[in-house]
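Undergrad: Compute the structure for the input listed below.
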Amino acid sequence: MAVDALDTKILRLLLEQPRTSVREYARVLGVARGTLQARLDRLERDGVITGTGPTLSPAALGHPVLAFVHVEVTQGHLDELGDALASVPEIIEAFSITGGGDLLTRVAARDNAHLEDVIQQLIQLPGVVRTRTEVALRERVPYRMTGLLDSVDRTAPARPAP
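TA: The predicted structure is shown next:
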């Protein structure tokens with residue numbers, strides 16, 4: 001799906017001013033409300049916009065320890081293990097990967113002892129061969145999309161004239 005210059009402007013506004021109304025976005029961008037709504041609907045339908053909810057802080061929810069746990073999986077068990085990981089609430093993300101492991105999970109824990117308990121729970125899941133854990137010390141670059149959006153904007157086609 002091609003994202004054009006107007007789409008990137010809409011996406012930037014959504015990132016920078018997430019609580020603004022569609023009417024206000026349309027006013028700021030100088031487009032009709034219907035045009036903006038149609039663009040938003042298309043961006044959602046095409047999977048560019050994947051959510052509209054708030055971003056929550058695990059630390060503020062009492063889980064300040066962040067760790068990345070690499071999981072090596074017995075061949076043929078990746079899908080079933082992925083399903084099993086979804087039942088562990090402290091696992092907030094999981095990706096199948098290449099390199100030193102088969103899965104990479106992001107784990108939020110209350111403290112180091114709780115992290116160890118989560119890892120022990122992971123080790124008991126069918127198909128887990130071994131794990132390797134890296135504890136995050138400090139966030140250096142928070143999750144962001146504006147830099148990527150800038151890159152897309154530089155290569156996006158210009159909006160067609162009405």
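Undergrad: So which bits of the host helix or strand of V129 are buried?
TA: Assigned by DSSP states H and E, V129 falls within strand 128-135. Using 16 or more other Cβ atoms under 10 Å as the test for burial, strand 128-135 gives 128, 131, 133. In short, each C-beta sits where N, CA and C put it, glycine included.
Undergrad: Just name the closest of these to N112, please.
TA: Nearest to N112 among the buried residues of strand 128-135: T133, at 10.4 Å, using Cβ to Cβ.
Undergrad: how near is that closest one to G82?
TA: Applying Cβ to Cβ, to the nearest Å, the value for T133 to G82 is 19 Å.
Undergrad: just V65 next, same as before
TA: Relative to G82, V65 is positioned 23 Å away (Cβ to Cβ).
Undergrad: how about the strands in this protein?
TA: Ranges of strands within the chain are 65-73, 91-96, 103-109, 128-135, based on DSSP state E.
Undergrad: can you list the residues that contact the shortest one?
TA: Counting by Cβ atoms under 8 Å, 6 or more residues apart in numbering, the neighbours of strand 91-96 from elsewhere in the structure are 58, 78, 82, 85-86, 102-108, 118.
Undergrad: between these, which is nearest L13?
TA: P58 (27.2 Å).
Undergrad: Thank you kindly, that will do.
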